[in-house]
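Q: Everything below, folded, please.
(one chain, ligands or ions: 1)
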Amino acid sequence: MPKKTLKAARVRRLRRGQKVQAATSTNGSGSGGLDVLAWENDPYAQSRPTRPPALAAPVVRPIPDLNAKALPVMIAGSTPKPRRYNAGTTEFRYWTAADALRRTADFWAPLLPSGTNWHSTVGTRLRVSLDVGEDLNAYYDRRGLDFFHGSAGRMIVYSGESPDVVCHEFGHAVLDALRPQLWNAATAEAAAFHESFGDMSALLAALQLQSVRERVLLDTQDRLYHNSQLSRLAEQLGWAIRQSYPDAVESDCLRNAVNSFFYKDPTGLPPEAPASLLSSEPHSFSRVFTGAFFEGLAGIFDTFGAATEKNLQQASVDAAKLLIKAIQTAPVVPSYYSQIAAAMMRSAPVTHHQALAGAFMRHGILSPESAHTAGVAGPESPRTVAGMVNLAQAAEDLPTAPIACSEYGLGIDSIMMHVASQPKRFNVAGAAPEAGSLTPPAHDEAAKSFLEDLLRLGRIDLKAAIGNRAGFLLQHPLRRKTHMLVKMSGGLALKRIHFDCGFACASRHG
Ligand SMILES: [Zn+2]
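A: Reported below is the predicted structural model:
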């Protein structure tokens, strides 16, 4: 079919779909219980953002099976009867979250190594609480996913109502099941990669909806790596945060996967910054990897020739497979992004090399020489690859090393931290600002910088381990804590409490 005719057909189909959506969304709970209504990727997902934003049209979805065996989930509380509920009701929020959870689980499960289970403290089913209190927040804490509600602009916003946010949190749990060593890793890049994986989960889960694929191709004229309702993540939560902290999030969403952030060594970045700048804060720094991944996915899609929604779905699966394989074999080092990028290139077919190399170079994750190295290096022996898999699975945590901290007045000389000291798999690095490759910091330098960032932001619960006797000036009384000090035989060790996705904003004063 000629391109113009193909596009006209797409427009007609989408318009027809929207009419159906509009009709069903106003009918209330009158369906026979064979399906439910849900948001596609966010309540404020719009082809062209308006001010103030308008609600998207819900879509009809099959009843999600939360008892499915793959990556099982349990939503706390009673289960409303499956029907087409009106947006704004508790029941609608339940089924929107359930649909998003099941869609992400169904996407990731076949791509994970066989036998991948939730982290042992989660149990057999991931517990999900859709509204545990007031905050503009959401988190994963190795027990389950918690979502909140918060007021903004005279409205109540529920973080668990946005599929983007739900799939992001689900991504934390999936990555923790796949590579638990990242949980306590004392390096900014590991924490930022966790956040990026959450956003990549949201993008990939949205791409499993045919309606999203068709609309994004239409809105971007087949150029996937263009600003769109797909690339704009968590528009509603972003809007809510923007009402109180206008510079904390992007102008039309929380974070945008289409961005021009260029890699810098995070140890040289400030611990937080306005959304327009890059900082070492994990959500901020995650945008570098997310942008490169999305651009790489768009490049893979371009190699398929025909810009069909089916090819787009295939590209999303291909890119996700490469990502999962890389996570299984990339060592946790301070320059973790470059190891993941090189591992993706290593296992990609040659037809995808140019797309991936271009994306990782344009975002500075690989220097030109590193992209060349990753692209042309000879095959690795199966023993080397098996060794990396063993290293990833050998222990739940990275080894500890004492990091000096006597200068902070905490009354202790050092803190045991899980340092990113695994041997490098690839001789690659990010781009240096002038030319060539950066020299990454040593694992103890990266750990010290990570510790001081947490102290600067008031993220460590110091009270539990050392009380008020010392370091009280560093115990920010209002910040939500992401880490704590735990007594171990070698002294006090830094451990993560949860991945707090309040986006360093709501938790400033809560
Ligand atoms: Zn997160």
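
Q: Before we move on, what's the pLDDT of residue 88?
A: Looking at residue 88, its pLDDT stands at 95.

Q: Quick check: residues of this structure near the ion?
A: With the criterion set to C-beta under 5 Å from the ion, the chain comes near the ion through 195, 198, 499, 501. Quick note: C-beta positions are derived from backbone N, CA and C, even for glycine.

Q: so residue 113 makes contact with residue 328?
A: Yes - counting by C-beta atoms under 8 Å, residue 328 is a contact partner of residue 113 at 6.7 Å.

Q: hmm, back to that, export the residues of the chain next to the ion as a markdown table, with columns for neighbour count, secondary structure and pLDDT.
A: Below are the residues of the chain next to the ion laid out as a markdown table (neighbours: other C-beta atoms under 10 Å; DSSP: H, G, I helix; E, B strand; the rest coil; pLDDT from 0 to 100):
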| residue | neighbour count | secondary structure | pLDDT |
| --- | --- | --- | --- |
| 195 | 26 | helix | 97 |
| 198 | 29 | helix | 98 |
| 499 | 25 | strand | 91 |
| 501 | 29 | coil | 79 |
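
Q: quick one: contacts for residue 106?
A: 68, 70, 208 (C-beta atoms under 8 Å, 6 or more residues apart in numbering).

Q: Determine the three-state secondary structure at the last one.
A: Following DSSP: H, G, I helix; E, B strand; the rest coil, we place residue 208 in the coil state.

Q: got it, and the first one?
A: The three-state assignment at residue 68 reads coil, by three-state DSSP.

Q: about what we covered before: residue 167: which of the residues of the chain next to the ion is nearest?
A: residue 198 (7.7 Å; C-beta to C-beta).

Q: I'd like the distance between that closest one and residue 88.
A: 26 Å (C-beta to C-beta, to the nearest Å).

Q: Tabulate the CA atom coordinates of stretch 157-168 in CSV.
A: What follows is stretch 157-168, C-alpha atoms only, in CSV (Å, rounded to 0.1, in the frame of the first residue of the first chain):
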residue,chain,number,x,y,z
VAL,A,157,-3.4,12.3,42.2
TYR,A,158,-2.8,8.6,42.7
SER,A,159,0.6,7.4,41.7
GLY,A,160,-0.7,3.8,41.3
GLU,A,161,-3.2,5.0,38.6
SER,A,162,-0.4,5.7,36.1
PRO,A,163,0.8,2.7,34.1
ASP,A,164,4.1,4.5,33.5
VAL,A,165,4.6,4.7,37.3
VAL,A,166,3.3,1.1,38.0
CYS,A,167,5.5,-0.4,35.3
HIS,A,168,8.5,1.7,36.5
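
Q: Give the rounded mean pLDDT of it.
A: Rounded mean pLDDT across stretch 157-168 is 97.

Q: in the stretch 201-350 of the chain, which spans are strands?
A: 232-233, 255-256 (DSSP state E, counting those that start in this stretch).

Q: Starting from the first one, tell me which strands it pairs with and how they run.
A: Partner strands and pairing direction for strand 232-233 (DSSP bridges) are strand 255-256 (antiparallel).

Q: Tell me where the model's unsure across the chain.
A: Residues of the chain meeting the criterion pLDDT under 70: 1-32, 378-379, 468-472, 503-510.

Q: in it, which spans are helices?
A: Secondary structure of the chain, counting by DSSP state H: helices at 3-25, 90-108, 163-178, 188-206, 210-219, 235-244, 282-303, 309-329, 336-347, 350-362, 368-376, 382-394, 443-456, 463-466.

Q: Save the ones you listed as CSV, and put in distance to residue 76 too.
A: Formatted as CSV, these follow (distance: least, C-beta to C-beta, whole Å):
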stretch, distance to residue 76
helix 3-25, 26
helix 90-108, 11
helix 163-178, 14
helix 188-206, 21
helix 210-219, 28
helix 235-244, 21
helix 282-303, 26
helix 309-329, 29
helix 336-347, 34
helix 350-362, 39
helix 368-376, 44
helix 382-394, 31
helix 443-456, 30
helix 463-466, 26
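
Q: out of those helices, which comes closest to residue 417?
A: Closest approach to residue 417 among the helices of the chain is made by helix 443-456 (4.6 Å; C-beta to C-beta).

Q: The closest one: how far from the chain's middle?
A: 22 Å (C-alpha atoms, centre = their mean, to the nearest Å).

Q: Does anything pack onto it? Which helices or strands?
A: helix 188-206, strand 400-404, strand 414-418 (3 or more C-beta pairs under 8 Å, 6 or more residues apart in numbering; DSSP states H and E).

Q: CA atoms of the first one as PDB?
A: Taking C-alpha atoms only, helix 188-206 is exported to PDB below (Å, rounded to 0.1, in the frame of the first residue of the first chain):
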ATOM      1  CA  ALA A 188      25.900   6.200  41.500                       C
ATOM      2  CA  GLU A 189      25.700   4.400  38.200                       C
ATOM      3  CA  ALA A 190      24.200   1.200  39.600                       C
ATOM      4  CA  ALA A 191      21.500   3.200  41.400                       C
ATOM      5  CA  ALA A 192      20.800   5.300  38.300                       C
ATOM      6  CA  PHE A 193      20.600   2.200  36.100                       C
ATOM      7  CA  HIS A 194      17.900   0.800  38.500                       C
ATOM      8  CA  GLU A 195      15.900   3.900  37.800                       C
ATOM      9  CA  SER A 196      16.600   3.700  34.100                       C
ATOM     10  CA  PHE A 197      15.400   0.100  34.000                       C
ATOM     11  CA  GLY A 198      12.200   1.300  35.600                       C
ATOM     12  CA  ASP A 199      11.600   3.800  32.900                       C
ATOM     13  CA  MET A 200      12.700   1.300  30.200                       C
ATOM     14  CA  SER A 201      10.100  -1.100  31.600                       C
ATOM     15  CA  ALA A 202       7.400   1.600  31.300                       C
ATOM     16  CA  LEU A 203       8.400   2.300  27.700                       C
ATOM     17  CA  LEU A 204       8.600  -1.300  26.700                       C
ATOM     18  CA  ALA A 205       5.300  -2.200  28.500                       C
ATOM     19  CA  ALA A 206       3.500   0.600  26.700                       C
END
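
Q: and that helix with helix 282-303, angle?
A: Per axes from the mean of the first three to the mean of the last three C-alpha atoms, to 10 degrees, the angle that helix 188-206 makes with helix 282-303 is 50 degrees.

Q: give me the beta-bridge partners of the residue in the stretch 351-500 of the chain positioned nearest to the ion?
A: Residue nearest to the ion within the stretch 351-500 of the chain: residue 499 (4.8 Å; C-beta to the ion). Beta-bridge partners for residue 499, by DSSP bridges, are residue 140.

Q: show me what contacts it?
A: 139-141, 172, 191, 194-195, 198, 482.

Q: Out of those, who's the most crowded?
A: residue 198 (29 neighbours; other C-beta atoms under 10 Å).

Q: Pretty sure that one sits against residue 168.
A: Yes - here residue 198 reaches residue 168: they are 3.6 Å apart, a contact under C-beta under 8 Å.

Q: Give me the common contacts of the two.
A: residue 501.

Q: what about the nearest residue to residue 225 once chain neighbours are set aside, neighbour count?
A: In space, residue 225 comes closest to residue 298 once its chain neighbours are excluded; the distance is 3.7 Å by C-beta to C-beta, 6 or more residues apart in numbering. Applying other C-beta under 10 Å, we find 22 residues neighbouring residue 298.

Q: Which residues belonging to stretch 234-249 are considered buried?
A: For stretch 234-249, the neighbour count (16 or more other C-beta atoms under 10 Å) marks 234-242, 244-245, 248-249 as buried.

Q: Sort out which one of the residues you listed lies nearest the ion for me.
A: residue 234 (10.4 Å).

Q: which residues touch the nearest residue to that closest one once chain neighbours are set aside?
A: Nearest residue to residue 234 in three dimensions, chain neighbours excluded: residue 254, at 3.8 Å (C-beta to C-beta, 6+ apart). Applying C-beta under 8 Å, 6+ apart to residue 254 gives the contacts 164, 233-235, 237-238, 241, 503.
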